[in-house]
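Asker: using only what follows, build the 3D model:
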Amino acid sequence: MDNKFYYFDTFGNDDEAYEKAFSFALKTIKVNPNLNRITFLVPSKTNTGWLDRIYGEDTVKKLFKGLNSNGVNVKIETVKTYKNSYGNSSEILICCGLNSEEIFKAQDYRQVDTIIAIPWLKENTQSWINTSNALEINKDLETKSNSSDNNEPSEIIKTAFRELTSVINTSTGISHHMDNNRAKTFIRSLYKYEPELNSDTICSYLINELGWQVKHANDVRKLIDTLNSGKYFQGGDKTGLQHHYKRWKNK
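Answerer: Model (predicted):
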């Protein structure tokens, strides 16, 4: 699968990263005729200092309505105003100082083809970087190296989630009470018998290999993180967990 998720290894005020991100987006559009828009996604209308310094305040104000730059539509959106589009547009999203949760939400939108993240605090973006297997864009925009230090899930974990994927309605994730109960049972079993359950690694597998929507994978993440934090959740079978684990192991 072609990787379409990138990030800059930076933090705080890094005006150069914003200029390079836009340049990288333009180069990407030139080789991909299906892309027709670049959107800067910012936390709020008051969080545009980086862009003000690069393009000037007057231009930034116009960008909220949209401008055309050499045949490419460029716009600024806030996390509050940015919505899922059901048109034919396909765009590159430059995420400006957003956290993982905000990027995950946008990643599911139909119009989003490619994401370039510029962190304000890298730790707030690290979960998205790991889960999406985002590639680091070096300063010269030429060399990219895989940023994820996480290994793939074990074969038993893969088998369990392939089985879960095959029996639930993937368009709704685990929202239905029967699917939710089954997911909780599977996670309880894996948590009890597997050495480790890494939510980033598992969500990456769900999204990138099994085709889950980010928002549905994050429902699984919350359950795993609950157990990993020493807490508990209601629902799911508490007995017969070894039976499930042995079945996956035998496969």
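Asker: please make it C-alpha for all contacts and neighbour counts, starting now.
Answerer: Will do.
Asker: buried residues, the helix or strand where Ile29 lies. List them.
Answerer: Per DSSP states H and E, Ile29 falls inside helix 15-30. Residues of helix 15-30 classed as buried: Ala17, Tyr18, Lys20, Ala21, Phe22, Phe24, Ala25, Leu26, Ile29 (neighbour count, 16 or more other CA atoms under 10 Å).
Asker: where do the helices sit along the protein?
Answerer: 15-30, 49-55, 57-63, 100-107, 122-131, 155-167, 177-193, 199-208, 214-228, 241-250 (DSSP state H).
Asker: who wins for proximity to Val72 among those helices?
Answerer: Across the helices of the chain, Val72 has its closest neighbour in helix 15-30 (8.2 Å, CA to CA).
Asker: what sits up against that closest one?
Answerer: 8, 10, 35-36, 38, 50-51, 53-54, 92, 94, 116, 118, 139, 141 (CA atoms under 8 Å, 6 or more residues apart in numbering).
Asker: ChimeraX command for the buried members of the residues you listed?
Answerer: The following ChimeraX line selects those of the contacts of helix 15-30 that are buried, judged by 16+ other CA under 10 Å:
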select :8,35,36,38,50,51,92,94,116,118
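Asker: which non-adjacent residue is nearest Asn88?
Answerer: In space, and not counting its chain neighbours, Asn88 is closest to Gln111: 7.4 Å by CA to CA, 6 or more residues apart in numbering.
Asker: repeat that for Leu121.
Answerer: Nearest non-adjacent residue to Leu121, counting by CA to CA, 6+ apart: Phe11, 5.3 Å away.
Asker: wait, the one you found touches Pro119, no?
Answerer: Yes: in terms of CA atoms under 8 Å, Phe11 counts as a neighbour of Pro119; the distance is 5.6 Å.
Asker: settle it for me: which of those two has more neighbours?
Answerer: Counted by other CA atoms under 10 Å, Phe11 and Pro119 do not tie: Pro119 has more neighbours, with 25 against 14.
Asker: got a pLDDT number for the more buried one?
Answerer: If you check Pro119, the pLDDT there is 94.
Asker: and the residue nearest to Asn88, what does it touch?
Answerer: Here Gln111 is in contact with Asn84, Ser85, Tyr86, Gly87, Asn88, Ser89, Ser90, Glu91 (CA under 8 Å, 6+ apart).
Asker: what do you get for Leu206?
Answerer: Phe161, Trp212, Ala217.
Asker: let me know the closest of these to Gln234.
Answerer: Ala217 (18.7 Å).
Asker: how about the closest one: what's its closest non-neighbour residue?
Answerer: Here the residue nearest Ala217, using CA to CA, 6+ apart, is Cys203, at 5.5 Å.
Asker: tell me the mean pLDDT for stretch 127-137?
Answerer: 92.
Asker: so how far is it from its chain's centroid?
Answerer: Remark: stretch 127-137 is offset 8 Å from the chain centroid, using CA atoms, centre = their mean, to the nearest Å.
Asker: returning to what we had before: farthest pair in the buried residues of helix 15-30?
Answerer: Ala17 and Ile29 (18.2 Å).
Asker: quick one: low-confidence ranges for the stretch 101-250 of the chain?
Answerer: Along the stretch 101-250 of the chain, the model assigns pLDDT under 70 to residues 138-151.
Asker: kindly report the domain assignment for this protein.
Answerer: When the chain is parsed with automatic domain parsing, its domains come out as 5-146, 155-250.
Asker: distance from the longest one to the middle of the chain?
Answerer: Just to be clear, that refers to domain 5-146. So, by CA atoms, centre = their mean, the centroid of domain 5-146 is 13 Å from its chain's centroid.
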